[in-house]
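Chemist: this is a predicted model, with the sequence first.
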Amino acid sequence: MLVLLLLLLLLLLLLLLLLLLLLLLLLWLLWLRLLLQALVLLVTTCCSPLSLLPQRGRRCPKGG
């Protein structure tokens, strides 16, 4: 009976650890997506020094 209880506790602990790892992975993916979005925005904005788009004589808005 005690062995069964210990096994159940171990299983529960493993499940909790797996859930924690999954949450960590989700947070990491969300952060990575946000970073990628920021990079894409930086590259596609016409006023950015890292811009890959042709300027076409457009002026940047003031304060931009």
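Modeler: Yes, it's here. Residues are numbered from 1 along each chain as shown.

Chemist: all helices in this structure, in order from the N-terminus.
Modeler: Remark: helices assigned in the chain by DSSP state H are 2-44.

Chemist: which residues of it score low on pLDDT?
Modeler: 46-64 (pLDDT under 70).

Chemist: mind redoing it with 50?
Modeler: Where the chain drops to pLDDT under 50, the residues are 64.

Chemist: how close does residue 34 sit to residue 40?
Modeler: 11 Å (CB to CB, to the nearest Å). For the C-beta atoms, the positions are set from N, CA and C on the backbone; glycine is no exception.

Chemist: my bad, should have said residue 20
Modeler: Remark: distance between residue 20 and residue 40 (CB to CB) = 31 Å.

Chemist: now do residue 15
Modeler: Using CB to CB, residue 15 is found at 37 Å from residue 40.

Chemist: can you give me how far stretch 11-29 is from the chain middle?
Modeler: What separates the centre of stretch 11-29 from the centre of its chain is 16 Å, taken as CA atoms, centre = their mean, to the nearest Å.

Chemist: for the remainder of this discussion, apply numbering that starts at 9.
Modeler: That works, and once the first residue is 9, the last one we named lands at stretch 19-37.

Chemist: please export the C-alpha coordinates of that stretch as PDB.
Modeler: The C-alpha trace of stretch 19-37 is given here as PDB (Å, rounded to 0.1, in the frame of the first residue of the first chain):
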ATOM      1  CA  LEU A  19       3.900  10.000 -11.000                       C
ATOM      2  CA  LEU A  20       2.200  13.200  -9.900                       C
ATOM      3  CA  LEU A  21       5.600  14.900  -9.400                       C
ATOM      4  CA  LEU A  22       6.700  13.900 -12.900                       C
ATOM      5  CA  LEU A  23       3.400  15.200 -14.400                       C
ATOM      6  CA  LEU A  24       3.900  18.500 -12.600                       C
ATOM      7  CA  LEU A  25       7.500  18.700 -13.900                       C
ATOM      8  CA  LEU A  26       6.300  18.000 -17.400                       C
ATOM      9  CA  LEU A  27       3.700  20.700 -17.100                       C
ATOM     10  CA  LEU A  28       6.300  23.200 -15.900                       C
ATOM     11  CA  LEU A  29       8.500  22.400 -18.800                       C
ATOM     12  CA  LEU A  30       5.700  22.800 -21.300                       C
ATOM     13  CA  LEU A  31       4.900  26.200 -19.800                       C
ATOM     14  CA  LEU A  32       8.500  27.200 -20.000                       C
ATOM     15  CA  LEU A  33       8.600  26.200 -23.700                       C
ATOM     16  CA  LEU A  34       5.500  28.200 -24.400                       C
ATOM     17  CA  LEU A  35       6.900  31.300 -22.800                       C
ATOM     18  CA  TRP A  36      10.100  30.900 -24.700                       C
ATOM     19  CA  LEU A  37       8.200  30.500 -28.000                       C
END
